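> the following block contains a protein sequence and its predicted model.
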Amino acid sequence: NIIQLAVFGTDEVTKMAKVEIQFSANNLVVTSVDIRGVEPVDQRTRDSLQKSVTLAIEITTQSQEAGARREAERIEQEAKGKLEMQRIMDEAQAEKARKELLSLQAESSAIESTGQAKAEAISRSEA
């Protein structure tokens, strides 16, 4: 709107921005203006604008890096949790197997004791 006002001017009657400009020398009518670029004239303003753009890019990059870091840490923690869960399950299974082994060893020992006692009893009765 500012550029349209600068190019076309204002209507003296309505004090509103004109929507076209006509050149009487060749009857050329301009109805719109395209902006190819805007560049500050003042070097300090240009430098400040460049610094602001660079800073905005750095902030965006840092934000994306922080997000990626958080996601990687989350995935790592999840993997550690699964690994710990598997370790606990393996230990429980090993403990169950040890319990079964001890039970079988006790049963075997009892059978062996019973067999030995029986053998001694038979040998005493024969004697």
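Sure, I can see it.
> could I get the full set of helices for this structure?
2-8, 43-126 (DSSP state H).
> any idea which residue is closest to the centre of this structure?
The C-alpha lying nearest the average C-alpha coordinate of the chain belongs to Glu71 (C-alpha atoms, centre = their mean; 3.4 Å).
> what about it, distance to Gln86?
Going from Glu71 to Gln86 by C-beta to C-beta, to the nearest Å gives 23 Å. C-betas here are computed from N, CA, C, even on glycine.
> can you give me the first-to-last residue distance of stretch 35-48?
Stretch 35-48 has an end-to-end distance of 22 Å (criterion: C-alpha to C-alpha, to the nearest Å).
> avg pLDDT for stretch 61-79?
The predicted model gives stretch 61-79 an average pLDDT of 98.
> circling back: mind telling me which of the helices of the chain the model trusts least?
helix 2-8 (a mean of 85).
> how many residues are close by Glu100?
10 (other C-beta atoms under 10 Å).
> so what's the residue nearest to the centre of the chain up against?
Going by C-beta atoms under 8 Å, 6 or more residues apart in numbering, Glu71 touches no other residue.
> can you tell me how far it sits from Gln62?
With distances taken as C-beta to C-beta, Glu71 is found 15 Å from Gln62.
> over to Lys118?
Lys118 is 83 Å from Gln62, where distance means C-beta to C-beta.
> and what of Ser103?
Ser103 is 61 Å from Gln62, by C-beta to C-beta.
> and for Ala72?
Taking C-beta to C-beta as the criterion, Ala72 is separated from Gln62 by 15 Å.
> on that earlier part again, okay, the helices of the chain in a markdown table with distance to Ser32 next?
Below are the helices of the chain laid out as a markdown table (distance: least, C-beta to C-beta, whole Å):
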| stretch | distance to Ser32 |
| --- | --- |
| helix 2-8 | 8 |
| helix 43-126 | 27 |
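> deepest of these, which one?
Among the helices of the chain, helix 2-8 has the highest mean neighbour count (mean count of other C-beta atoms under 10 Å), at a mean of 12.
> CA atoms of that one as PDB?
Coordinates of the C-alpha atoms in helix 2-8 are reproduced here as PDB (Å, rounded to 0.1, in the frame of the first residue of the first chain):
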ATOM      1  CA  ILE A   2       2.900   2.400   0.800                       C
ATOM      2  CA  ILE A   3       4.500   1.600  -2.600                       C
ATOM      3  CA  GLN A   4       1.200   2.000  -4.400                       C
ATOM      4  CA  LEU A   5       0.700   5.400  -2.700                       C
ATOM      5  CA  ALA A   6       4.300   6.400  -3.700                       C
ATOM      6  CA  VAL A   7       3.900   5.400  -7.300                       C
ATOM      7  CA  PHE A   8       0.300   6.300  -8.100                       C
END
